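**Student:** predicted model, plus sequence, below.
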Amino acid sequence: MKATIRSIAECVGQVVTLEGWLYNSRITKKVAFLQVRDGTGIIQVIVGAADVAEDVFELARSLTQETSVRVTGLVNADPRSPIGYELRLSGLEVIARPAQEFPISPKEHGSDFLLNNRHLWLRSKRPHAILSIRAEVIRAIRDYFDDRGFTLVDAPIFTPNACEGTSTLFEVPYFDQTAYLSQSGQLYMEAAAMAFGKVYCFGPTFRAEKSKTRRHLTEFWMVEPEVAFLDLEGDMDLAEDFLCFVVQRVVERRRAELELLGRDVSVLEKVQKPFPRISHEAAVQMIREEGLEIDDRDDFGGEHETVLSKRYDRPILVHRYPAEVKAFYLKKDPEQPDRALCVDVLAPEGYGEIIGGGVREEDLDVLLSEINRHELDPAVFEWYLDLRRYGSVPHAGFGLGVERTVTWLCGLHHLRETIPFPRLINRLGP
Ligand code: 4AD
Ligand code: MG
């Protein structure tokens, strides 16, 4: 009977066959201890010289790391095993031996070497844990919106216009035109919100980030909800509720992976409502209290976000940034017209921004003058302006970056480990 390591508990006392790869081994005169992984887990397979034919024992002794194998044996419960079970081998089949020594051994390697070998590194415990957490985050995101009346609407990736400024656009030849890889699906979600009320898109987004930082990828995944008739308070409520759901889901379902990464799960358990809501103005004062320089009307840099978010044990909602440091589409606060009705969510422990969002300008003339002020081409925004010509309503939304969120949840230093194949200014492969 075929089995997987994840569900091995159901097979105690039975003889099963597992298909996988040799992760590690320890050989003594009388016993070979094989660590076999099958993608769902790692199990110790015990090959006793006295229990199997001599040629089977010799075969087991000869296996090198990442040999693909089919192992058959009896499943035993064993309290000493990290997973609680082991396999007593009775049959062994080698599917393929490695052409040469596997480049990644369980010992330490430099990060450049590992990234160059990302296609093989994925098999190690740490990437496996991080990417399992990423998959859980993505599933939680989908469940959250799907179960609350949001319709998934996919945004295009080839776009004719910028959404988040022209300095980070990737240009692509598009027959006799120029296309840009999408920086954000937001403008399309605004169109969709006028059709469906509550929508979200979820896909890869692209930014030609010219600096090397631990928070920027050139290709990253973003989920972007957009809701008609929503104000800034409602947008903050949504971001808060959504983040609590995602974090607690990961804590509930991926504790083992978090612990493998050395993450203190109790820190994540504290991520509960309400999150502090802080105006940009108040946040500037706090940054100065931490000893950093910042002007009243500055946007935050990485350092500013780090010191600010280190003060909290849960995410904070920073709202009403100076309008001039934010995107053209944001509505101004009627009570302070030099400030945008926007919110950034900063993850605690120094992780910084994971969400950016806000209320969209709904007035045609104001929006048009902002497009001109930002020196954007109004012609490519004609379709977007139509949304204000036909039944314009207040609406708001936000975008959450998956990799920054996973970086925080896993307690990592750099976000490059949170995406299967990272794309950075100096890395396009593998
Ligand atoms: O703050 P941003 O630029 O907001 C937008 O794109 C809005 N149009 C979203 C919306 O309202 N629908 O980006 C949103 C989030 C950031 O908070 C961050 O988590 C992530 O996207 N992000 C990046 N993640 C990795 N690498 C980069 N270069 C990123 N740029 C933004
Ligand atoms: Mg932002």
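**Tutor:** Looks like it came in fine. Residues are numbered from 1 along each chain as shown. Ligands and ions are numbered 1, 2, ... in the order given.

**Student:** now do stretch 360-379: everything it contacts.
**Tutor:** 161-162, 166, 190, 328-332, 381, 385, 388-389, 392-397 (C-beta atoms under 8 Å, 6 or more residues apart in numbering). From N, CA and C alone the C-beta is placed, and that goes for glycine too.

**Student:** ok, now with 7 Å
**Tutor:** The contact list for stretch 360-379 (C-beta atoms under 7 Å, 6 or more residues apart in numbering) reads 162, 190, 328-331, 381, 385, 388-389, 392-396.

**Student:** looking at those, which are in helices?
**Tutor:** Of the contacts of stretch 360-379, the ones assigned to helices by DSSP state H are 190, 385, 388-389.

**Student:** turn these into TSV, columns for neighbour count and pLDDT.
**Tutor:** Below are the ones in helices among the contacts of stretch 360-379 laid out as TSV (neighbours: other C-beta atoms under 10 Å; pLDDT from 0 to 100):
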residue	neighbour count	pLDDT
Glu190	21	98
Leu385	15	98
Arg388	20	98
Arg389	9	98
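
**Student:** returning to that earlier point: just the contacts of stretch 360-379: which are in strands?
**Tutor:** 395-396 (DSSP state E).

**Student:** show me which of the contacts of stretch 360-379 are buried.
**Tutor:** Buried subset of these (neighbour count, 16 or more other C-beta atoms under 10 Å): 162, 190, 328-331, 381, 388, 392, 394-396.

**Student:** got the contact list for the nearest residue to Arg320 once chain neighbours are set aside?
**Tutor:** Counting by C-beta to C-beta, 6 or more residues apart in numbering, Arg320 lies nearest to Arg339, which is 4.4 Å off, once chain neighbours are set aside. By C-beta under 7 Å, 6+ apart, Arg339 lies in contact with 320-323, 332-333.

**Student:** ok, those vs ligand 1, which is closest?
**Tutor:** Closest to ligand 1 out of these is Tyr321 (10.7 Å), distances taken as C-beta to the nearest ligand atom.

**Student:** just give me the neighbour total for that closest one.
**Tutor:** 25 (other C-beta atoms under 10 Å).

**Student:** what residues does this protein have near ligand 1?
**Tutor:** 163-164, 184, 186, 207, 209, 216-217, 220, 222, 224, 353-357, 397-399, 401, 403-404 (C-beta under 6 Å from any ligand atom).

**Student:** looking at these, which are in helices?
**Tutor:** Per DSSP H, the residues of the chain next to ligand 1 map to helices at 186, 403-404.

**Student:** doesn't Gly352 make contact with Glu305?
**Tutor:** Yes - using C-beta atoms under 7 Å, Glu305 is in contact with Gly352, at 3.4 Å.

**Student:** and for those two, which residues touch both?
**Tutor:** Counting by C-beta under 7 Å, 6+ apart, the shared contacts of Glu305 and Gly352 are Leu346.

**Student:** between those two, which one's more packed in?
**Tutor:** Taking other C-beta under 10 Å, Glu305 and Gly352 do not tie; Gly352 has more neighbours (26 against 22).

**Student:** what's the helix or strand for Thr306?
**Tutor:** Taking DSSP states H and E as the criterion, the element that holds Thr306 is helix 302-309.

**Student:** quick one: secondary structure of the closest residue in space to Pro430 that isn't next to it in sequence?
**Tutor:** Nearest-residue entry for Pro430: His119, 4.8 Å, with adjacent residues in sequence omitted and distances by C-beta to C-beta, 6+ apart. Of the three states, His119 takes helix under DSSP: H, G, I helix; E, B strand; the rest coil.
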